[in-house]
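Asks: Mind looking at a prediction? Sequence and model below.
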Amino acid sequence: MAIRIVRLGTPRAPGEGLRIGTVRRPPRGVPKTEFAAQDWYDVWFPNLAPSAELMKQALEAQRNHDEKGWAGFVRQFRAEMAQPGPTHDLDLLAALSHRSDVAIGCYCEDEAHCHRSVLRVLLAGRGAALVD
């Protein structure tokens, strides 16, 4: 049992379990009825996505290969995830990882410059079982 961190829209791994989309917006041009069938996600969970304003900052840092801007995004996203709601959500996922296989993800190509890299660290800090 574990959490797998994935890129949404990629083929599912064997035994991946429920795929959770931790994104601010659903995939464009895809009917809701096709989200799971097209390997986007089974459940949309924007609670663990960056705020809209912070997403703009992350996209700009990604586009410009701005490491200082990216570090600022990470710092601010960690602060967002330290709020009571996201904290409870992360605790829940960490606990579930010991009883069920689940996957969480985002659309970004490079996990190192995606909020899911921060989620990986936050979940690990809560003792979540994670797939490398």
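Replies: Structure received.
Asks: Contacts for the helix or strand of the chain with the lowest mean pLDDT next, please.
Replies: Ranked by mean pLDDT, DSSP states H and E, the weakest helix or strand in the chain is helix 52-63, scoring a mean of 92. Residues outside helix 52-63 that contact it (C-beta atoms under 8 Å, 6 or more residues apart in numbering) are 24, 49-50, 66-67, 69-70, 72-73, 76-77, 80, 108, 110, 113, 115. (Each C-beta comes from the backbone N, C-alpha and C, glycine too.)
Asks: So residue 22 sits against residue 115, correct?
Replies: Yes - between residue 22 and residue 115 a contact is recorded at 7.5 Å, counting by C-beta atoms under 8 Å.
Asks: Give the residues shared as contacts by those two.
Replies: Common contacts of residue 22 and residue 115 (C-beta under 8 Å, 6+ apart): 49, 106.
Asks: the strands in the protein, which residues?
Replies: In the chain, the strands defined using DSSP state E lie at 3-7, 18-21, 43-44, 102-106, 130-131.
Asks: mean confidence for the first one?
Replies: What strand 3-7 shows for mean pLDDT is 97.
Asks: now it and strand 102-106, what's the angle there?
Replies: The directions of strand 3-7 and strand 102-106 differ by 30 degrees, with axes from the mean of the first three to the mean of the last three C-alpha atoms, to 10 degrees as the criterion.
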